[in-house]
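Asks: need coordinates for the following:
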Amino acid sequence: MLRIPYSCYPFGMERLLRDLPHILEGLSAIVVGTRDDALVPACVLGAGVHADESGRVTIFVPEGTGGETFENVARNGRVAVTLEQIPTHRTVQLKGRCLEMRPAVEAERPIVDRIQEAFLADVEAIGAPVHARRRRRWPCRAITFEVAEIYEQTPGPHAGFPFGEGRAPAS
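Replies: Numbers count the residues shown, from 1 in each chain. Predicted coordinates:
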């Protein structure tokens, strides 16, 4: 089966946003990037992700580690999220503006648990220490943002290109 890199996605942004849940499937390593008013970056590991077909993504950030990220999002609303499937390095970056930031509710905890189990399986498969299981991942704050930009970041010739604007695969 031939798989077209998403960077060569032939359908346009509206269809791409509808396909976000599928595109993000299996990506369990989550890094949330923000910046302050002086453009100083901050990043934190995310604990979960949920995408809908309207182009909205909710990232779950542990309360215990997200302080600087929460301050930055509250001040300027800008969010960049990089998601990776560790064994294959399939990586996608999303950028957008925060629509809502709130405490995550117990009904959302299974999203975090599912993503974290996948993350732990991935890091164990590549030989990472078992102490990764002790990482505190709940309670979380839910940051929902509207995706404005999507980039292919998987290492290779399409890395860095916006989805849909990459170079066609070599024949």
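
Asks: and the lengthiest helix in the chain, what's buried?
Replies: Longest helix in the chain, counting residues (DSSP state H): helix 109-125. Neighbour counts over helix 109-125 (16 or more other Cβ atoms under 10 Å) mark R109, I111, V112, I115, Q116, A118, F119, L120, D122, V123 as buried. Bear in mind the C-beta positions are built from the backbone N, C-alpha and C, glycine included.

Asks: excluding sequence neighbours, find me the nearest residue to the fourth one.
Replies: Think I115. Leaving aside its chain neighbours, I115 sits nearest to G48 (4.3 Å; criterion: Cβ to Cβ, 6 or more residues apart in numbering).

Asks: tally of neighbours for that neighbour?
Replies: 26 (other Cβ atoms under 10 Å).

Asks: and R15, by the same measure?
Replies: 11.

Asks: how about the worst-scoring helix or strand of the chain on mean pLDDT: buried residues?
Replies: Least confident helix or strand, the chain: helix 13-18 with a mean of 77, by mean pLDDT, DSSP states H and E. Of all the residues in helix 13-18, those buried under the rule 16+ other Cβ under 10 Å are M13, L16, L17.

Asks: with stretch 14-31 instead?
Replies: So for stretch 14-31, counting by 16+ other Cβ under 10 Å, buried means L16, L17, D19, L20, I23, L24, L27, S28, A29, I30, V31.

Asks: what's next to it, contact-wise?
Replies: 6, 9, 43-49, 51-55, 57, 59, 81-86, 90-92, 115-116, 118-119, 122, 147, 150, 163-164 (Cβ atoms under 8 Å, 6 or more residues apart in numbering).
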